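**Q** sequence plus the predicted model coming up.
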Amino acid sequence: TRDGIASMSPPAQTDRGGNRDALLQRRRMARRKGRARLAVLVATLLAAVLVPLLVGSSGAAGPQAKRPRVTSSPRGAGGSPRTPASGGPRGHTLPFPSPPGRGMRPGPNLAPGSNPSVLPGDVLIADAGNNRILLVTPGKRIVWQFPAPGHASPLYDNDDVFFGPRFDEIITNEESNNTLAIINFAHKKIVWTYGHPGVAGSAPGYLHTPDDAFLYRTPHGDMITVADIRNQRILFINRRTKKVVKQYGQTGVMVANPPRTWAAPNGDFPAPHGGMLVTQIDANDAVLLDRQGKVVYTVHFPTTLYYPSDANFTPHGNIICAFYTKPGAIVKMSPQGKVLWEYFVTQPGAAMLDHPSLAVELSNGMILANDDHNDRVIVINPKTNRIVWQYGHTAVAGTAPGYLDDPDGVDFLPAGAVPGGRNPGLHPMWTYPRG
């Protein structure tokens, strides 16, 4: 999740005046140019070393170098989605002993050191840079993909992905495309959209950098909630009528004074008893609202960290939050604001996170997270603070099996759940009560 402010600096360096958007745009452009120059240099060096070795050889295309996030116009904005380059060679296969169950047999893309037994189900991944969604087993096998391989993608910059309440639909927000989409899992078809592709706005039917869309079933019909970041609001949208039936915040007013106004809200996660946990980027906090939208409490994150992303509840009622920075961090805190656990590696290397945007605690206590700019989804064992499972090759983008490009969201399909089935006793991760 870029969460609408991709190059946000620490609070002391942040322009909070009217030139904020211009400053951020300049920073984004500078970052892209720097990464582009680096990519050219790396490509030149690799070509000088590898091309002589590859002449006359055959096989899969090599891994794609890390590149700027967006290289063409979004769908509906005068261009077509960018076409990702092919990914690299297959990874390693390790003979980890695994408990019996669906997808536990290691696949050909199992990264060294990964243990599939740490995942009690399959992982749904928003592979945003490749404009696709993958469902991957603990053994790293792709068992579902949208769009189907070889088909043009109707998605553009699909950010977070979450199952609907019956696992039969997936909702995603296309953050930089300013749209939402619901996908029928069985038919692999978009069945509902909201927003105007490539056009930001605040009028009815428009969004500006939407994040974390959720689909609910209510006695009055399906409801969608979304954090509309740059419009500084949380929306409740009736699926059938596409009308906004409720709003938290004042459109365009960026002031940290919840629930009346918000400061770049980028998370609107479901909470117990019908409430909502809202993350504020600029306030560096998470605010719990009750069913009526009143503030229950506010958790302030450590001042040593900034740019909180998508805070949500653990199965035991604590709060876990990723920090979209380099080096990145993941912190678990009590509702009283006490730090209970932290993953914050500052030494460069495979253990360091690079702009993680979502972390969740699974029922077995493991931490599942998407590490966006490292092009991987990982599982961290909080008892050892070690990465024990990984899908994707660290900081190498690609489209081949085993590769990702800026994965920007995850959800979880519990073992035994059948998308669209009855699934007695099984609920999506964001359905309460949990435990």
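**A** On my side now, so go ahead. Residues are numbered from 1 along each chain as shown.

**Q** the helices in this protein, which residues?
**A** With helices called from DSSP state H, the chain shows them at 20-54.

**Q** quick one: the strands in the stretch 301-435 of the chain?
**A** Using DSSP state E, counting those that start in this stretch, the strands of the stretch 301-435 of the chain run over 308-313, 319-323, 329-333, 339-343, 356-361, 367-371, 376-381, 386-391, 407-414.

**Q** and the residue nearest to N312 when sequence neighbours are not counted, what are its bridge partners?
**A** Nearest-residue entry for N312: F269, 4.2 Å, with adjacent residues in sequence omitted and distances by Cβ to Cβ, 6 or more residues apart in numbering. Every C-beta, even on glycine, is put in place using the N, C-alpha and C of the backbone. Residues in a beta bridge with F269, per DSSP bridges, are L277.

**Q** doesn't T314 make contact with F269?
**A** No: if you go by Cβ atoms under 8 Å, F269 and T314 don't touch, sitting 11.4 Å apart.

**Q** show me the contacts for the residue nearest to N312.
**A** 212, 214, 276-277, 279, 310-313, 430 (Cβ atoms under 8 Å, 6 or more residues apart in numbering).

**Q** mind pulling up the pLDDT for it?
**A** On the pLDDT scale, F269 is placed at 96.

**Q** now for M352, how many residues are close by?
**A** 16 (other Cβ atoms under 10 Å).

**Q** how many neighbours does A351 have?
**A** A351, neighbours per other Cβ under 10 Å, totals 16.

**Q** coming back round to it: let me know the closest of the contacts of F269 to G139.
**A** W430 (25.1 Å; Cβ to Cβ).

**Q** does that closest one touch Y216 like I think?
**A** No: counting by Cβ under 8 Å, W430 does not reach Y216; the two are 9.4 Å apart.

**Q** what's the overlap in contacts for the two?
**A** In the contact map built from Cβ under 8 Å, 6+ apart, the residues linked to both W430 and Y216 are P270.

**Q** these two: which has the busier surroundings?
**A** More crowded of W430 and Y216, by other Cβ under 10 Å: W430, with 21 against 17.

**Q** report the contact partners of the residue nearest to the more buried one when sequence neighbours are not counted.
**A** Using Cβ to Cβ, 6+ apart and skipping the chain neighbours, the partner closest in space to W430 is P270 (4.8 Å). With contacts defined as Cβ under 8 Å, 6+ apart, the neighbours of P270 are 214, 216, 276-277, 430-432.

**Q** PyMOL command to pick out the buried ones of these?
**A** Per 16 or more other Cβ atoms under 10 Å, the buried members of the contacts of P270 correspond to this PyMOL selection:
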select buried, resi 214+216+276+277+430
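
**Q** adding distance to A329 and pLDDT, write the contacts of P270 out as TSV.
**A** Shown next, in TSV, are the contacts of P270 (distance: Cβ to Cβ, whole Å; pLDDT from 0 to 100):
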residue	distance to A329	pLDDT
F214	25	96
Y216	30	91
M276	24	96
L277	18	97
W430	22	77
T431	27	74
Y432	26	59
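
**Q** where does the stretch 1-150 of the chain have low pLDDT?
**A** Scanning the stretch 1-150 of the chain for pLDDT under 70 picks out 1-112.

**Q** which among the contacts of P270 gets closest to L289?
**A** For these, the nearest to L289 is M276 (4.8 Å; Cβ to Cβ).

**Q** my guess is the closest one contacts T225. True?
**A** Yes: between M276 and T225 there is a contact at 7.3 Å, judged by Cβ under 8 Å.

**Q** before we move on, back to that, ok, the contacts of P270 vs A148, which is closest?
**A** The closest of the contacts of P270, once distances to A148 are taken by Cβ to Cβ, is F214, at 25.7 Å.

**Q** now do V199, the pLDDT please.
**A** With respect to pLDDT, V199 scores 98.

**Q** tell me, how many residues neighbour it?
**A** V199 has 15 neighbours, counted by other Cβ under 10 Å.
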